[in-house]
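**Student:** Got a predicted model here, sequence first, then my questions.
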Amino acid sequence: VASPSNRGLKSSISSRETKTLVRWASGIEDENDQNFQLALKFAWSNFKFHNYLDVDSHKVTRSINGIYEKLMIHSDVTKAESWARLTDEFLNSPLMNVDGTKTDAHYSILSMMLLLAGPPTNTEYVERPRLKEAEVKDTFDWAKYLMEDEDLECGPYPDTPEWSEEESDEEDPQQPISREDSGIQVDRTPQEDQDNTNQRGRVCLLGEPDARAWLEQHVVTPYWVTHASRFPHSLHLHSNLLNVWDQYLYNTDPLYLPEDKAFVTETQVIRETLWLLSGVKKLFIFQFHEGKVSVRNDVVVTHLTSSCLRSVLDDIAVYGQAVFRLQRFIDEVTGHSSEPGPPPPSSSSGSHCSSSSHSSCREPPFRTYQAFVWALYKYFSSFREELTTIEKQLIGKDETVTLSAVLVRLRPHLAQIRVLHKVFCTGVAEVPVDTTNVVRASHLLNTLYKAIIEYDSVGEASEHTVALLFSLWTETVRPYLEIVDEWIVHGQLFDPAREFIIQRNKDVPVNHRDFWYATYTLYSISEPVEGEDRMNDAGSGSSAGEQTSGAGGRQPTMVSFLKPVLKQIIMAGKSMQLLKNLDCKESVPADSASRDAERKSLYTLFLESVQSRLCRRDDSPLDAVTEQQATKRSLIKMQSIVVQHLQIDDIHDPLLAINFARLYLEQSDFHERFSGGEFIVDRSSQSVTCQSFELTLRSCLYPHIQRRYIQCCGNLMTTLKKDYKLLEYLQAMRNYFLLEAGDTMYDFYTAIFERVLEKESWQQLSFLNAQLQEAVGQRHPEDSSRLSIFLDTSEPARKKQPVHNLDVLTLSYKVPWPVDIVISSECQRIYNQVFLLLLQIKWAKYCLDTVRFSEGGVAGEGASAKEGINQQIHRMCLLRVKLMHFVNSLHNYIVTRILHSTGLEFQHQVQEAKDLDQLIKIHYRYLSTIHDRCLLREKVSFVKEAIMKVLNLVLIFSDRWQAGFGAWKIESIDKMESDFKNCHMFLVTILNKAVCRGSFPHLESLALSLMAGFEQC
């Protein structure tokens, strides 16, 4: 506890300082002033009784950031950078008696400085450099001081550098070992060889600069030099076969002249063989020149003749050249990165550098070639591991290793290299340089696909080759499957290198009415059938089909493995892209991103399905022998069945029977189909056989695409039907164009017919639209703004018949996007043709229905004249009845038999449509059906003309009836009856012939109805 004297001292100091503060803050010097006393009491009150809150670090940080932004806004960049750096350094610097950084003490000091500071933009500030004191290095030699009295023996060579394990383990980073160099040097002149011989006695230490070069020159006996010393070998006859053979040639051939030879051991031949197959180019026995590998003529071994050795080495050189060619292709493709790796899932590249081009191409190759190279790289990595294992065994000398044993061990690998080289030549090297990426990628995938099918058809003899090609194809096809997955899942066809067979036409936006037809281009490739080298491509305008160039000798193909599901891929991709751009009313789930992250890609699902399929075959190793025996028994049984069926066609080929039995061994219903007597082979099919690779695709790849197709297209159809009222718009088209809304359209067309009967002008656009809006607005107000009618006067007086006056009418219905994809302008044109035909029939029917029997009475005439008029009236009435029967028969046929029944089928098909393309085809097929059955097709135009003549006759009849009986002439009645009879007879004859042939069964009801009213003359 402080003493009273200390407390008094502190109190007096505080009182004096408080007065000084009040005097400085208020500017009042007189302490007895009332204001001064009030300010002093206020200050003492705050000092004694006010509790201050802890500093808010977030508030201080916001103030610091605000000052920085203010300085940046005022373009005080230097001041702003100094402010940010200095405050950050202060917050991260320790304070005296305070542990840690960015503590409350730090923020309290900054807060006080911010409160005391003035506006930062009104002051000039230049940061003063702060010099840090340099650390004084201790130059005292402590080692000498501490070991002053010790005796150290440095040995006979005190200047020898100390041995370091780190130096022995680490390689010189300045001189990496190259794959291109085996350590064998080129031939030197004798002078150079003498110089090197003089230097052999010199000892090089590991620390010297030329130690590595000395090791490379002297670890192996330099058999590659010009005058290499002969190595010691056995004197046995088998070890001197070369000398024996040379002696024989010398004794038998007087012109034989021995040549200089370079003797090597078999071990050296084996090692150079391994180096050659691992990709080393600088060798002694094998020489690489202009892309070709050759064998030196003077290389011999003592226990083989030169021709025997040459034949063996020539075969090895062929495989070495194949390895070099494949390695060069790998280097060209991976020349843009230091380490080859799997192709990125959605990266990539522009135009491709061909295999024959140099590595100086600026743009990296497309992803299909990258994936193919990655598969080759993995294979050659494992192959080089095998070569390294053989070389280690050779160096260890634990067992005898001969060249023949090495070649036997490498025989499976060499066969695989031959297959890989063949695939490379066909799929990559033979493709012209100026070929597009889509052709290159498709041709490579087709080449691998056909190779797998070809080797798979051989059977068990090529299981390892099929496994290699399948792994190669699985890696190469990855970019294609990733493009498909991105398209059918996210609706984006991401293909910057344009290697996919489907290309996006960016000129057509998604919300365009032609999006579904003209957005994507499907490329098909014309490959030469025999002997042709070049390939070209041709694009089709839509997903509806493919077009190929019609060059002779070419066979149109595409990526073979996608053919069975190509339509589903296109439909799913376009549906998903359309869905992504629709303003769906359904709420998007919040966890869609997380679910997409958890979703497995199409490529992953395919690999998992393949793995599970392979595991199912090998899931019971204990029962493998039993299963093999059962398979063998089934194979024998199937073989006997196939032999019986082949003998029916007089074919006796047991090998063919075995292959067919193996082919269908996987089908569970094989025995039932073959032994049941219902075996039928579709010889017209291009793919009679069903290989295991194709079965793998059907079971492991196609189901995943099919499920995604069903999901995408189902969602799109649901959205269009539910949110965009597709079915309502289709029904509206039928209501107005096909007159199914009878009451509404009756009000519209009767107003036109009344004006025609009253001889008033009706071809006025305002009148027609007013009548249409009035008729539609009463019952269907939602469609009044969409319906309109136009007058087409571009073809005046096409025909002089009155019935064709209605041809100037064109009904239009505004269909919003995306419904206009289904109800296109072409569809509305067909709707209009049916609408005009119905309107013409309705006009004729209306004219006949409005004719009254009370009209036409004539008074004041004589008895004979009245009798003649009554006879005319009777004939006119009979003609009216006949005309009414004809018109009613035609009207009932079109309205009931055609429009109603076909409409019911159409509604049922629309409900069952799985995708938008199928719905479009159903709608167009429906319009085509009613167009043909309404006799509007050009092929049956003569039938329509006969009907039009009858309808025109009805209008003439109505005009003459309204004119009165006095205006009639007996000749006109005779002509009308004759014209009607001729047309009636013509139609009945034509329709009966069509019905009898069975080609137009829907015309049967019309033919029977017209025949019932036909008079036999």
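**Tutor:** Sure thing, it's come through.
**Student:** May I have stretch 871-885 as PDB, with CA atoms only?
**Tutor:** What follows is stretch 871-885, C-alpha atoms only, in PDB (Å, rounded to 0.1, in the frame of the first residue of the first chain):
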ATOM      1  CA  GLN A 871     -90.100 -28.400-112.900                       C
ATOM      2  CA  GLN A 872     -87.000 -26.300-112.700                       C
ATOM      3  CA  ILE A 873     -87.500 -25.800-109.000                       C
ATOM      4  CA  HIS A 874     -87.800 -29.500-108.600                       C
ATOM      5  CA  ARG A 875     -84.600 -30.200-110.400                       C
ATOM      6  CA  MET A 876     -82.800 -27.400-108.500                       C
ATOM      7  CA  CYS A 877     -84.000 -28.900-105.200                       C
ATOM      8  CA  LEU A 878     -82.800 -32.400-106.300                       C
ATOM      9  CA  LEU A 879     -79.400 -30.900-107.300                       C
ATOM     10  CA  ARG A 880     -79.200 -29.100-103.900                       C
ATOM     11  CA  VAL A 881     -79.800 -32.300-102.000                       C
ATOM     12  CA  LYS A 882     -77.100 -34.100-104.100                       C
ATOM     13  CA  LEU A 883     -74.700 -31.300-103.500                       C
ATOM     14  CA  MET A 884     -75.500 -31.300 -99.800                       C
ATOM     15  CA  HIS A 885     -74.900 -35.000 -99.600                       C
END
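**Student:** which parts of that stretch are buried?
**Tutor:** 872-873, 875-876, 879-880, 882-885 (16 or more other CB atoms under 10 Å). All C-beta spots, glycine's among them, are computed from the backbone N, C-alpha and C.
**Student:** Take those and lay them out in a markdown table including pLDDT and distance to Asn65.
**Tutor:** Shown next, in a markdown table, are the buried residues of stretch 871-885 (pLDDT from 0 to 100; distance: CB to CB, whole Å):
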| residue | pLDDT | distance to Asn65 |
| --- | --- | --- |
| Gln872 | 72 | 106 |
| Ile873 | 75 | 105 |
| Arg875 | 77 | 105 |
| Met876 | 77 | 101 |
| Leu879 | 78 | 99 |
| Arg880 | 79 | 96 |
| Lys882 | 82 | 97 |
| Leu883 | 82 | 93 |
| Met884 | 83 | 92 |
| His885 | 83 | 94 |
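**Student:** Confidence-wise, which helix or strand of the chain is lowest on average?
**Tutor:** strand 536-540 (a mean of 35; mean pLDDT, DSSP states H and E).
**Student:** ok so, going back, for Ala117, state which of the buried residues of stretch 871-885 is nearest.
**Tutor:** Comparing the buried residues of stretch 871-885 against Ala117 with CB to CB picks out Met884 as the nearest, at 104.9 Å.
**Student:** ok, now which ones touch that closest one?
**Tutor:** Residues near Met884 by CB atoms under 8 Å, 6 or more residues apart in numbering: 845, 848-849.
**Student:** run the last query once more with 6 Å
**Tutor:** Applying CB atoms under 6 Å, 6 or more residues apart in numbering, we find Met884 in contact with Leu848.
**Student:** Sticking with it, tell me its helix or strand.
**Tutor:** Secondary structure from DSSP states H and E places Met884 in helix 863-892.
**Student:** quick check: mean pLDDT across stretch 762-773?
**Tutor:** The average pLDDT for stretch 762-773 rounds to 86.
**Student:** can you list the residues that contact that stretch?
**Tutor:** With CB under 6 Å, 6+ apart, stretch 762-773 has contacts from 748, 751-752, 755-756, 784, 787, 789, 791.
**Student:** now those residues in CSV, with secondary structure?
**Tutor:** Shown next, in CSV, are the contacts of stretch 762-773 (DSSP: H, G, I helix; E, B strand; the rest coil):
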residue, secondary structure
Phe748, helix
Ala751, helix
Ile752, helix
Arg755, helix
Val756, helix
Ser784, coil
Leu787, strand
Ile789, strand
Leu791, strand
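**Student:** which one of the residues you listed is nearest Pro816?
**Tutor:** Of those, the one sitting nearest to Pro816 (CB to CB) turns out to be Leu787, at 13.7 Å.
**Student:** separation between the closest one and Gln763?
**Tutor:** 18 Å (CB to CB, to the nearest Å).
**Student:** Compare those two (neighbour count), which wins?
**Tutor:** Set side by side, Leu787 and Gln763 show more neighbours around Leu787, with 22 against 15, by other CB atoms under 10 Å.
**Student:** residues touching the more buried one, list them.
**Tutor:** 772, 776, 813.
**Student:** how close does it sit to Glu758?
**Tutor:** The value you get for Leu787 to Glu758, if CB to CB is used, is 25 Å.
**Student:** and if you look at Glu740?
**Tutor:** Distance of Glu740 to Glu758, given as CB to CB: 29 Å.
**Student:** what do you get for Leu313?
**Tutor:** Taken as CB to CB, the span from Leu313 to Glu758 is 109 Å.
**Student:** out of those two, which sits in the more crowded spot?
**Tutor:** Ranked by neighbour count (other CB under 10 Å), Leu313 and Glu758 place Leu313 first, with 22 against 8.
**Student:** Tell me the bridge partners for the closest residue to that one other than its chain neighbours.
**Tutor:** The shortest distance from Leu313 to any residue other than its chain neighbours is 4.4 Å, reached at Val295 (CB to CB, 6 or more residues apart in numbering). Per DSSP bridges, the residues bridged to Val295 are Phe286.
**Student:** neighbours of Val295, just the number please.
**Tutor:** Count around Val295 with other CB under 10 Å applied: 18.
**Student:** Likewise for the one 5 residues further on?
**Tutor:** Here the count is done by other CB under 10 Å, and Val300 has 19 residues near it.
**Student:** Return the residues in contact with it.
**Tutor:** 242, 261, 306.
**Student:** show me the contacts for the second one.
**Tutor:** Which is Lys261. So Lys261 contacts 298, 300 (CB under 6 Å, 6+ apart).
**Student:** Next, count neighbours for Ser15.
**Tutor:** 12.
**Student:** Quick check: pLDDT value at it.
**Tutor:** So Ser15 comes in at 83 (pLDDT).
**Student:** got the phi/psi numbers for it?
**Tutor:** Note on Ser15: its backbone torsions stand at phi -60, psi -40 [degrees, to the nearest 10].
**Student:** any idea how far it lies from Lys48?
**Tutor:** Ser15 is 12 Å from Lys48, by CB to CB.
**Student:** next one: Cys712
**Tutor:** 77 Å.
**Student:** isn't Val988 right next to Leu1008, touching?
**Tutor:** No: contact between Val988 and Leu1008 fails when scored by CB atoms under 6 Å: they sit 9.7 Å apart.
**Student:** And the two? Which one has more around it.
**Tutor:** Neighbour totals were compared for Val988 and Leu1008, and Val988 leads with 19 against 14 (other CB under 10 Å).
**Student:** Does the most centrally placed residue in the chain belong to a helix, a strand or coil?
**Tutor:** Centroid-nearest residue in the chain: Ile483, 2.6 Å away (criterion: CA atoms, centre = their mean). With three-state DSSP as the basis, Ile483 sits in helix.
**Student:** contacting residues for it?
**Tutor:** 495, 500 are the contacts of Ile483 under CB under 6 Å, 6+ apart.
**Student:** Ok, the one 5 residues further on next?
**Tutor:** Contacts for Ile488 were tallied using CB under 6 Å, 6+ apart; they are 572-573, 576, 708.
**Student:** again, but for Ser306
**Tutor:** Neighbours of Ser306 in contact, by CB under 6 Å, 6+ apart: Val300.
**Student:** can you check the one 10 residues further on too?
**Tutor:** Under the criterion of CB under 6 Å, 6+ apart, the contact list for Ile316 reads Thr273.
**Student:** what about 8 Å?
**Tutor:** 273, 276-277, 286, 407.
**Student:** what about it, which SS state?
**Tutor:** Ile316 is classified as helix under three-state DSSP.
**Student:** Show me what whichever strand or helix holds Ile270 is packed against.
**Tutor:** Under the criterion DSSP H and E, the helix or strand holding Ile270 is helix 266-277. Packing contacts for helix 266-277, counted by 3 or more CB pairs under 8 Å, 6 or more residues apart in numbering; DSSP states H and E, involve helix 306-333, helix 367-396, helix 403-424.
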